[in-house]
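>>> I need the structure of the sequence given here:
(one chain, ligands or ions: 1)
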Amino acid sequence: MLRIGIGYDSHRFEAGRPLVLGGQRIPSDAGLAGHSDADVVTHALIDALLGAAGAGNIGRLFPDKDPRWKNADSLHLLRATRDHLRDRDVHPQQADITIIAERPKLADYLDTMGSILAAHLDLEPGRISVKAKTNEGMGFIGRGEGIAALAVATVEAR
Ligand code: MG
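I've put the predicted structure just below:
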């Protein structure tokens, strides 16, 4: 059976932190605030995968009160999600991700993000598509307060 899940995440900018999106360090004057590395792209993907599996969400699997996940590499959380799904005989197939950010410009990094995320799910590079857009200056994203990401994922439940 094929199942589909949706994920959303947002984090606010915080000066002095590295910006990590889709497992990739991106040159920026500010990173994102968060308990882990605040990789909003990977978090949205994890929520889409868990949603597709009917397995809750990222906060349930990796509580932010748990010191194990402080400054955690979100790719590590992605692999743990993959293993958690595998234990339920659920297998990620593909995902489509949209990043909404007024800055920095992300076009040069999108293909690599997709390849990194796919590799951590044991998928071929083309299975994860990553797109980016601005919010046309509107709202919290338009004011440059943070970055959001949306993801849709398909899994095969055996
Ligand atoms: Mg998050």
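
>>> hmm, His91 is touching Glu156, no?
Yes. Using C-beta atoms under 8 Å, His91 is in contact with Glu156, at 4.8 Å. The way it works is simple: take the backbone N, C-alpha and C, and place the C-beta from them, glycine included.

>>> looking at those two, which is more packed in?
His91 (17 against 13; other C-beta atoms under 10 Å).

>>> looking at this structure, which strand is longest?
strand 2-15 (DSSP state E).

>>> and the contacts of that one?
Residues from elsewhere that reach strand 2-15 (C-beta atoms under 8 Å, 6 or more residues apart in numbering): 29-34, 38, 40, 43-54, 58, 90, 93, 140-141, 144-157.

>>> at 7 Å instead, please
30-34, 38, 40, 43-53, 145-157 (C-beta atoms under 7 Å, 6 or more residues apart in numbering).

>>> these also near the ion: which ones?
Counting by C-beta under 5 Å from the ion, His43 from the contacts of strand 2-15 sit close to the ion.

>>> which among the contacts of strand 2-15 end up buried?
30-32, 34, 38, 40, 43-53, 146-155 (16 or more other C-beta atoms under 10 Å).

>>> in strands, which of these appear?
Those of these lying in strands (DSSP E): 30-32, 146-155.

>>> separation between Leu21 and Leu2?
Using C-beta to C-beta, to the nearest Å, Leu21 is found at 28 Å from Leu2.

>>> how about Gly23?
Distance of Gly23 to Leu2, computed by C-beta to C-beta: 26 Å.
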